[in-house]
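Novice: Sequence plus predicted model, see below.
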Amino acid sequence: MSVLIKGGRVVTATDTTAADVLVEGERISLIGADLAARLDVEADRVIDASGKYVLPGAIDPHTHLDMPFGGTTTIDDVESGQRAAARGGTTCHVDFCIQAPGTSFSDALADWKSKAAGKQVIDMGYHIAVTDLKAGGSLEELASLPDEGVTSYKLFMAYKGALMVDDETLFKTMQVAAETGALVMVHAENGDAIDVLVKQALADGHTEPAWHARTRPPETEGEATNRAIQLARVAGCPLYVVHVSCRESVEPIRRAREAGWDVHGETCTQYFFVDETFLERPDFEGAKFVYTPPPRARPNQDVLWNAVRTDVLSAISTDHCAFTWGEQKAMGRDDFSKIPNGGPGLENRLQMIHHFGVGEGRIGLNRMVELLCTNPAKLFGLYPRKGTIAAGCDADLVIFDPEKRHTITAANQQSKTDYNLYEGTEVVGDVETVLLRGNVIVDGGEVVAQPGIGQFVRRARFGEQLATAAVTA
Ligand code: URP
Ligand code: ZN
Ligand code: ZN
């Protein structure tokens, strides 16, 4: 099967070029001006991309599909979550595989892979979330995971009594990463201090969703971010701080990067648009915005835009961790600490960042591609097979119409949740067609992918590259 994408503007992290793209089988074989006329190329399918962008498939390095959490399980399984991703122009994601306490890492991976079997509509990899090095997984087993293409270790410094690890576990994992070439990822909040604040708030009779943010002040994020940075420096491993939400955690990352330390950070779409006042919406509507770290005071939004513009933060993920508002979030109607933490977002990242980032002049088009595609690919061992457009790469491509208007609403989303964080927002610019390794999975804005087409991707170690066809052929 071959596909010729004609007349579009091919956008990468560095260039925007008027060019045709020829896809043969699963890979990009040729890129150049006017291929059809000049080289007499004939393809099985021709897609007219005039007036459109041709982007690399976006990569989301932070998702939670079919994950038990907060007394329930995220509503999007691999199929519905990946359909949402595909509709939003994301062709690959890296999901968190959580080690259940007392079990091994290989049990966790087997469990996560069985949940994905036959359901995948895009490609995926896994980060291993280390929760227990005493009764469950061993350091030796952890060290063996990069050989299987699982090249990132995640640790939660919050969620006391659930996923949280102590500093000993954090530091020992960092030491293993320094040996094996894995990337350490941290959810950076001081879980002990937050636990005290939550208990005190509840004892004082505060049960509403707004107390989710009031008991997780930005300083608890700043402290944990700094602690993780300093410990990673001692251990000698690279560090990636997930879902950075505020100035207090941006600052230590900025300082570390200025000093040349191997420290990286992401923020998520929602932190640019949702602020702490959303949690105060009446009739329990605030519960829709209970995710962690919480929505922050509004001035942090400019801090985050500046951080992604100036390369203090390197990626924008979604932290898609969807629960229904009607049933699952309602578990915390009388106690904010029982509201499952997490929100949806996989479907709308590209639309929102294109409209409010590129369209409103906060970041350039090439920087958007870098933040959503190229940097996640580089940081998580998928580059250059994914994350850019070049001969030999996987033909993961998005044909994006920068003029098309779209109103975001839960009424027509792929995610199984019953709300959308950006309900009613009108964006200019939307995904039209998506190819996954040469297969059309979104056509005219409709998801047409057959479950099973997606694959597990073995990722390269941090700083190493995944071979492309051009290199291996
Ligand atoms: O609230 C969130 N973010 N839920 C998902 C788990 C996590 O902390 O990433
Ligand atoms: Zn987290
Ligand atoms: Zn998360």
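Specialist: Perfect, thanks for sending it. Numbers count the residues shown, from 1 in each chain. Ligands and ions are numbered 1, 2, ... in the order given.

Novice: Flag every residue of the chain that's near ligand 1.
Specialist: 64, 187, 291, 292, 319, 321, 341, 342 (Cβ under 6 Å from any ligand atom). Heads up, the C-betas are built off the backbone N, CA and C, glycines and all.

Novice: could you redo the last one with a cut-off of 8 Å?
Specialist: 62, 64, 67, 69, 96, 156, 158-159, 163, 187, 242-243, 290-293, 319, 321, 341-343 (Cβ under 8 Å from any ligand atom).

Novice: Longest helix of this structure, counting residues only.
Specialist: Identified as the longest helix of the chain according to DSSP state H is helix 218-235.

Novice: Buried residues of that helix, list them for me.
Specialist: 218, 220-229, 231-233, 235 (16 or more other Cβ atoms under 10 Å).

Novice: Sort out for me which of the residues of the chain next to ligand 1 are in strands.
Specialist: Among the residues of the chain next to ligand 1, the residues falling in strands (DSSP state E) are 62, 69, 96, 156, 187.

Novice: where are the low-confidence patches of this structure?
Specialist: 470-473 (pLDDT under 70).

Novice: ok, now how distant is residue 65 from residue 112?
Specialist: Computed as Cβ to Cβ, to the nearest Å, the residue 65 to residue 112 distance reads 9 Å.

Novice: Now do the end-to-end distance for stretch 137-156.
Specialist: Stretch 137-156 has an end-to-end distance of 16 Å (Cα to Cα, to the nearest Å).

Novice: now that stretch, how far from the centre of its chain.
Specialist: Stretch 137-156 sits 20 Å away from the centroid of its parent chain (Cα atoms, centre = their mean, to the nearest Å).

Novice: Kindly report the same for stretch 222-230.
Specialist: The answer for stretch 222-230 is 21 Å, by Cα atoms, centre = their mean.

Novice: contact partners of that stretch?
Specialist: Residues outside stretch 222-230 that contact it (Cβ atoms under 8 Å, 6 or more residues apart in numbering) are 157-158, 167, 170, 186, 188-190, 193, 239, 241, 244, 246-249, 251-253, 256, 261, 263.

Novice: related to what we said a few turns ago, looking at residue 65 and residue 112, which one has more neighbours?
Specialist: Comparing residue 65 with residue 112 by neighbour count (other Cβ atoms under 10 Å), the higher total belongs to residue 65, at 28 against 21.

Novice: Let's verify residue 161: helix, strand, or coil?
Specialist: Under DSSP: H, G, I helix; E, B strand; the rest coil, residue 161 falls in the coil class.

Novice: ok, and the closest non-adjacent residue to it?
Specialist: Leaving aside its chain neighbours, residue 161 sits nearest to residue 195 (7.6 Å; criterion: Cβ to Cβ, 6 or more residues apart in numbering).

Novice: helix, strand or coil for the one you found?
Specialist: Of the three states, residue 195 takes helix under three-state DSSP.

Novice: so where do the strands sit in the stretch 101-250 of the chain?
Specialist: Along the stretch 101-250 of the chain, the stretches classed as strands by DSSP state E, counting those that start in this stretch are 123-129, 152-156, 183-187, 239-241.

Novice: which neighbours do residue 65 and residue 112 share?
Specialist: residue 95.

Novice: Check the gap between the residue in the stretch 351-473 of the chain that ligand 1 sits nearest to and residue 320 for me.
Specialist: Closest approach between the stretch 351-473 of the chain and ligand 1, counting by Cβ to the nearest ligand atom: residue 421, at 12.0 Å. Relative to residue 320, residue 421 is positioned 10 Å away (Cβ to Cβ).

Novice: Same drill for those two, tell me which one is more crowded.
Specialist: residue 320 (31 against 24).

Novice: hang on, isn't that one packed against residue 61?
Specialist: No: look at residue 320 against residue 61 with Cβ atoms under 8 Å: they stay out of range, at 11.2 Å.

Novice: Apart from its chain neighbours, what residue comes closest to the closest residue to ligand 1 within the stretch 101-250 of the chain?
Specialist: The minimum distance from the stretch 101-250 of the chain to ligand 1, using Cβ to the nearest ligand atom, falls at residue 187 (4.9 Å). Using Cβ to Cβ, 6+ apart and skipping residues adjacent in sequence, the residue nearest residue 187 is residue 156, 4.5 Å away.

Novice: For burial, what's the neighbour tally of residue 282?
Specialist: Residue 282 - counted by other Cβ under 10 Å - has 7 other residues nearby.

Novice: Now it, what are its backbone angles?
Specialist: The main-chain torsion angles of residue 282 are listed as degrees, to the nearest 10 and equal phi -70, psi 170.

Novice: Tell me how far it lies from residue 209.
Specialist: Distance from residue 282 to residue 209, counting by Cβ to Cβ: 10 Å.

Novice: What of residue 326?
Specialist: Per Cβ to Cβ, residue 326 is found 15 Å from residue 209.

Novice: Same drill for the two, tell me which one is more crowded.
Specialist: Remark: of residue 326 and residue 209, residue 209 carries more neighbours, 23 against 10, as counted by other Cβ under 10 Å.

Novice: sec struct for the residue lying closest to that one once chain neighbours are set aside, please.
Specialist: Once flanking residues are discounted, residue 209 sits nearest to residue 286: 3.6 Å by Cβ to Cβ, 6+ apart. With three-state DSSP as the basis, residue 286 sits in helix.

Novice: which residues does residue 286 contact?
Specialist: Residue 286 touches 208, 209, 210, 278, 279, 280, counting by Cβ under 8 Å, 6+ apart.

Novice: partner residues bridging residue 320?
Specialist: Assessed by DSSP bridges, residue 320 has beta-bridge partners residue 63, residue 343.

Novice: An error on my part: the question was meant for residue 92.
Specialist: Counting by DSSP bridges, the residues bridging with residue 92 are residue 59, residue 123.

Novice: Do I have it right that it meets residue 56?
Specialist: No: using Cβ under 8 Å, residue 92 is not in contact with residue 56; the gap is 9.9 Å.
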